[in-house]
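Visitor: give me the fold of what follows.
(2 chains)
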Amino acid sequence: MDTFTQLTLNGLTLGSGYALIALGYSLVYGILKLLNFAHGDVVTVGAFIGFGMLHVLGGSTDPVVPVWLLLVLITTTAMAGCAALGVAIERFAYRPLRDAPRIAPLISALGVSFFLAYSLQLLFGSEQRDYDAFSMADGALFFKGFSIGAVHIPLLRIVIIVSAFALMVVLWFLVNKTRTGKAMKATSFDREAAAMMGIDVDRVIVFAFVLGSALAGAAGVFTALRVPTYPSAGFVVGLKGFTAAVIGGIGSVPGAMAGGLILGLAEAYTQGYVSTKWSDLAVFVILILFMLFRPQGLFGRPDIAKV
Amino acid sequence: MNKRGGVAAALVAIAAAVLASTAGAGSTAADRLQAVDCSGTIKLPLLTPLTGGGGPIGNEQLSWAKYAAKTLGPKLKLKIQIVGGDTPVEKGPGEAQKVAQKFISDSQVAAVLGPATSGGVASASKSLAKAGLLHISPSATDSALAAGPKGKRTASPVAFFRVVGGDYVQGPTDANYMVSKLKAKKVVIVDFQEPYSVGLANAAQAVLKAKGVDVTRLSTSVDTTDYSSLVTKVPNDANVVFFPTQQPEDAQTFGEQLLEQGKRATMFGADGTNNPAAFKLAGSYVSNFAPDISGIPGNAARIAGWKKDNPKASLGSFGPPTYLATQVEMMAIAKACKAGGGSIKNRATVLKYVRGIVVPNSILGGTFRFSKSNNEPVNPKFYIFQIQKNGTYKLVN
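Guide: Model (predicted):
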């Protein structure tokens, strides 16, 4: 039972990160029908921005602010930086191609992905970088927390899981309960009709990029707080986030959340009960099964062509 | 014959002529490629990870190779240029093969340093040997690469040598320390499904099992960064986790996640994790093929000179064997140049002289020479360090 609890905790930690990334894919796809393959690299940029902020604030062992404030500041800075990056990517890489055939923005997205990864490598080298959260507050983030049976739930994981869910709730509120959110839904449903109804479509699209990229920034920091990061790390996390979005139903906000959690848990249980070697295989087998039997994902709507 | 048939026949004839001329030119080009002028600059490429997780280690090796070329060149009347060939661990062992091809076709290259990793040697050695290129690794330890303890040559061709011992020395050294000093009864071994890691894990496992230790073997890929679920599989009563990886950051992460899950097993890394900047979990152990060279007589001037060239770098365990490998290659090149009257007629000539090279007062201590029966150093040793609270490595065995 303890093993199951521990693996569930591992899966929730992983899955909350995947869910944040999947939300970015879903938001952009929902509105532009574009697979933003640069999204995984935005996650890495977020981790690097957080890393820079951590150093500005004195590093992990001797920060000039309390640890809770340090975590808030590195996360918000990464979110803000990634939001700005998202705006720039939309403005320069996607907007000029908005009316081009669908393959053009897809290629542009791949180009942006390579540009971001290699720019990070050029600027910072390709070494792995570690936030060294273990040294923050003498290891309090790892050793404090509470227990379920024999399983210790460390403070860091609580912070990551709760923050990720809080961000998802905020996003759900923004999309469902605000005028901008309703405008996003309208644009997603029919961009031309939304424009004719007086919705500023450009603004809505930019807002979707701001939200998705900010969540990617948070995901980057949450991941890097636990494991080392490096410039090309975005490829794999991006792929997992995309898979989560597809499983949940690409374009669906609750679907992205569910897809992320399913993926995280599947990965953790496979690693724990089967073998670490098989975890990626399990993830992509799930993807293939969904593509075969429920291509619209858990919460997506099937595409029905009018004949 | 109609017009179309005539054109086809002409094309076939042209193609045959081109193929024939290429074959002839190929052998001439190969000969020309292998002639190295000793009065000019001779290139020694170092195949090592200069970027990625292994980047700090590779750059340490590069700095020592350059220092050796700079200081030993005038004495041996050679103008040596050390060229870095980046083989990031993250790109897999095959990267060494791609980089090696570039150097094989460079006529200024007389020999190669590295590949630094066992996987790199496994992938590139055959091509390098075909080109007659001596390649000496300063850090590849997989037993299968050169020759086992009984002197039997195994996987790699004759052109591969190394200045450090293989895992047939490291594995038992580590395992014996776990049993005799750490009193380990239950050991978890994690391998990374690549030649270096699997070879070393196997070597240690064999000794541990022979000594009656309860061994649990886990396996993961080199791309893994989050080890939480692997750590969950480590039994609570395990005494030691043996973690032979080439990415020291991963050993640090694994150790932290062990503590996070309340597991008290001692982390034990190998030469691949020997990096004080990245693996600094107090109380853990690492092994290495080189001792702390600062205590060896005659090294004070070498260390001072290297520090002058690399003021920001700190003295590690990977650089000194690279200095030694460079020194051995340069001495072999000097002999080949002398025998060839100012030029090396054929790259394979360097190979002819390398086995006879003797380095008195070597940077690793004592006299260095290769064994007469294989391509290994005589009496190789491994050393064990414990990580201290301030992150430094203390020699304990």
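Visitor: all strands of the stretch 101-250 of chain B, in order?
Guide: For the stretch 101-250 of chain B, the strands defined by DSSP state E, counting those that start in this stretch occupy B:111-113, B:134-137, B:160-162, B:186-191, B:214-219, B:240-243.
Visitor: then chain A?
Guide: A:145-148, A:151-154 (DSSP state E).
Visitor: re earlier: nearest to chain A, out of the strands of the stretch 101-250 of chain B?
Guide: Comparing those against chain A with CB to the nearest CB, the closest turns out to be strand B:214-219 (6.0 Å). Just so you know, the C-beta spots here come from the backbone N, C-alpha and C atoms, and that holds for glycine as well.
Visitor: what mean pLDDT does the closest one have?
Guide: Averaged across strand B:214-219, the pLDDT comes to 94.
Visitor: list the buried residues in it.
Guide: Residues of strand B:214-219 classed as buried under the neighbour-count rule (16 or more other CB atoms under 10 Å in any protein chain shown) are B:215, B:218-219.
Visitor: helices along chain A, start to end?
Guide: For chain A, helices defined by DSSP state H occupy the ranges A:2-32, A:39-56, A:67-89, A:103-124, A:140-143, A:155-177, A:179-189, A:191-196, A:201-224, A:234-248, A:253-269, A:279-293.
Visitor: which residues touch whichever residue of the stretch 151-300 of chain B sits closest to chain A?
Guide: Here the residue of the stretch 151-300 of chain B nearest chain A is residue B:229; by CB to the nearest CB that distance is 3.5 Å. Going by CB atoms under 8 Å, 6 or more residues apart in numbering or on different chains, residue B:229 touches A:7, A:10, A:267-268, A:271-272, A:276, A:279.
Visitor: ok, how many other residues are close to whatever residue of chain A ends up closest to chain B?
Guide: Nearest residue of chain A to chain B, counting by CB to the nearest CB: residue A:271, 3.5 Å away. Close neighbours of residue A:271, defined as other CB atoms under 10 Å in any protein chain shown, add up to 30.
Visitor: hang on, the earlier thing: now tabulate the buried residues of strand B:214-219 in CSV and tack on distance to chain A.
Guide: Shown next, in CSV, are the buried residues of strand B:214-219 (distance: CB to the nearest CB, whole Å):
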residue, distance to chain A
B:215, 17
B:218, 7
B:219, 6
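Visitor: let me know the closest of these to residue B:130.
Guide: Distance to residue B:130 across the buried residues of strand B:214-219 (CB to CB) is lowest for residue B:219, with 32.9 Å.
Visitor: how many residues are close by the closest residue to the closest one other than its chain neighbours?
Guide: In space, and not counting its chain neighbours, residue B:219 is closest to residue B:191: 5.2 Å by CB to CB, 6 or more residues apart in numbering or on different chains. Per other CB under 10 Å, the neighbour tally for residue B:191 reads 22.
Visitor: show me the contacts for residue B:46.
Guide: B:61-62, B:65, B:82-85, B:112-114, B:116, B:322.
Visitor: returning to what we had before: what's the most buried one of the strands of chain A?
Guide: Most buried of these, by mean neighbour count (mean count of other CB atoms under 10 Å in any protein chain shown): strand A:151-154, with a mean of 20.
Visitor: residue ranges in the chain under the pLDDT threshold?
Guide: With no chain named, the answer covers chain A. A:303-307 (pLDDT under 70).
Visitor: switch to chain B, please.
Guide: B:1-34, B:53, B:146-157.
Visitor: get me the contact residues on chain A for chain B.
Guide: Residues of chain A lying close to chain B by CB under 8 Å from any CB of the partner chain are A:3, A:6-7, A:10, A:13-14, A:121, A:125-128, A:130, A:134, A:139, A:142-143, A:150-152, A:154, A:156, A:226-230, A:232-233, A:236, A:267-268, A:271-272, A:275-277, A:279-280.
Visitor: buried subset of those residues?
Guide: Those of those that meet the buried threshold are A:6-7, A:10, A:13-14, A:121, A:125-128, A:130, A:134, A:139, A:142-143, A:151-152, A:154, A:156, A:226-230, A:232-233, A:267-268, A:271-272, A:275-276, A:279-280, by 16+ other CB under 10 Å.
Visitor: any idea how far residue B:390 lies from residue B:318?
Guide: 21 Å (CB to CB, to the nearest Å).
Visitor: so these two - more neighbours on which side?
Guide: Using other CB under 10 Å as the criterion, residue B:390 and residue B:318 rank with residue B:318 on top: 26 against 8.
Visitor: just want the most central residue of chain B.
Guide: residue B:116 (2.6 Å; CA atoms, centre = their mean).
Visitor: what about the residue in the stretch 51-200 of chain B positioned nearest to chain A, which helix or strand?
Guide: Nearest to chain A in the stretch 51-200 of chain B, going by CB to the nearest CB, is residue B:51, at a distance of 3.9 Å. Residue B:51 is part of no helix or strand when elements are defined by DSSP states H and E.
Visitor: list phi and psi for it.
Guide: With angles defined as degrees, to the nearest 10, residue B:51 sits at phi -130, psi 170.
Visitor: rewinding a little: and the residue nearest to residue B:219, how far from residue B:197?
Guide: Look at residue B:191 and residue B:197: by CB to CB, they are 5 Å apart.
Visitor: which neighbours do those two share?
Guide: residue B:244.
Visitor: check which residues of stretch B:248-266 are buried.
Guide: B:248-261, B:263, B:265-266.
Visitor: show me what from chain B comes close to chain A.
Guide: Checking chain B against chain A by CB under 8 Å from any CB, the hits are B:51-53, B:55-56, B:88, B:90, B:193, B:218-221, B:223-226, B:228-230, B:232-233, B:247, B:249-250, B:252-253, B:256, B:259-262, B:278.
Visitor: next step: those residues restricted to helices.
Guide: Secondary structure assignment by DSSP H places B:55-56, B:228-230, B:232, B:249-250, B:252-253, B:256, B:259-260 of these in helices.
Visitor: can you get me a residue count around residue 281?
Guide: Picking chain A for this. Neighbour number of residue A:281 under other CB under 10 Å is 12.
Visitor: my bad, the chain I had in mind was chain B
Guide: 20.
Visitor: next one: residue B:352
Guide: 14.
Visitor: residues in contact with stretch A:281-292?
Guide: A:240, A:243, A:246-247, A:262-263, A:266-267, A:270, A:274, A:297.
Visitor: so can I have a markdown table of these showing distance to residue B:297?
Guide: Below are the contacts of stretch A:281-292 laid out as a markdown table (distance: CB to CB, whole Å):
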| residue | distance to residue B:297 |
| --- | --- |
| A:240 | 55 |
| A:243 | 59 |
| A:246 | 65 |
| A:247 | 65 |
| A:262 | 63 |
| A:263 | 59 |
| A:266 | 59 |
| A:267 | 54 |
| A:270 | 55 |
| A:274 | 55 |
| A:297 | 70 |
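Visitor: filter these down to the buried ones, PyMOL style.
Guide: Of the contacts of stretch A:281-292, the buried ones go into a single PyMOL selection, burial set by 16+ other CB under 10 Å:
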select buried, chain A and resi 240+243+246+247+262+263+266+267+270+297
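Visitor: rewinding a little: highest average neighbour count across the strands of the stretch 101-250 of chain B?
Guide: Taking mean count of other CB under 10 Å, strand B:111-113 is the most buried of the strands of the stretch 101-250 of chain B, at a mean of 30.
Visitor: which helices and strands does it pack with?
Guide: strand B:41-48, strand B:134-137, helix B:319-339 (3 or more CB pairs under 8 Å, 6 or more residues apart in numbering or on different chains; DSSP states H and E).
Visitor: of those, which is nearest residue A:217?
Guide: Across the helices and strands packed on strand B:111-113, residue A:217 has its closest neighbour in strand B:41-48 (34.2 Å, CB to CB).
Visitor: show me what counts as buried in that closest one.
Guide: For strand B:41-48, by 16+ other CB under 10 Å, it's B:42-48.
Visitor: between helix B:319-339 and it, find me the angle.
Guide: 150 degrees (axes from the mean of the first three to the mean of the last three CA atoms, to 10 degrees).
Visitor: nearest to residue B:131, of the helices of chain A?
Guide: Closest to residue B:131 of the helices of chain A, according to CB to CB: helix A:103-124, at 30.6 Å.
Visitor: many thanks, I have nothing further to ask.
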